[in-house]
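**Student:** here are the coordinates; sequence isn't available:
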């Protein structure tokens, strides 16, 4: 069982930056999991933002965030980070950290989410 707690969200102006963090705890082996982030905007569906494969560490990004967001993981601290730059109003959403033993599109565990609002 994996427990995930996201933090770092907030209100930021367009063009600004935020760094989201995800702390993982429980009985698990960090390296056995594909990790990443998905987001959900009001009235919208789930959108995978970034995901790092467990096998080779390959990271994929959603088209809407490529070149602006960077996913990283700390295998010692069992944490996952999402560095977000050049934020746009359309990035406004609740962001969720996800873990999966399967793949990037089938999250098995996620946290309560952290709200990101991009507005002037």
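**Tutor:** Everything's here; your move. Remember, predicted model here, so these are calculated numbers, not experimental data.
**Student:** On the strand side of things, show who the residue sitting nearest the centre point of the chain bridges to.
**Tutor:** Within the chain, the residue whose C-alpha comes closest to the C-alpha centroid is residue 37; the distance, by CA atoms, centre = their mean, is 2.4 Å. Residues found in beta-bridge contact with residue 37 (criterion: DSSP bridges) are residue 50, residue 97.
**Student:** wouldn't it be in contact with residue 50 here?
**Tutor:** Yes: applying CB atoms under 8 Å as the test, residue 37 and residue 50 come out as touching, 5.3 Å apart. No exception for glycine: its C-beta is placed from N, CA and C like everyone else's.
**Student:** And the pLDDT for the residue in the chain sticking out farthest from the centre?
**Tutor:** The outermost residue of the chain, judged by C-alpha distance from the chain's mean C-alpha position using CA atoms, centre = their mean, is residue 120 at 23.3 Å. On the pLDDT scale, residue 120 is placed at 95.
**Student:** do residue 64 as well
**Tutor:** Value for residue 64, per-residue pLDDT: 96.
**Student:** quick revisit: return every residue with contacts to both of residue 37 and residue 50.
**Tutor:** Residues touching both residue 37 and residue 50 (CB atoms under 8 Å, 6 or more residues apart in numbering) are 71, 82.
**Student:** ok, the residue farthest from the centre of the chain - contacts?
**Tutor:** By CB under 8 Å, 6+ apart, the contact set of residue 120 is 13, 14.
**Student:** got a list of what residue 97 touches?
**Tutor:** Each residue near residue 97 by CB under 8 Å, 6+ apart is listed here: 4, 6, 20, 22, 24, 35, 36, 37, 80, 110, 111.
**Student:** next one: residue 62
**Tutor:** 47, 48, 49, 50.
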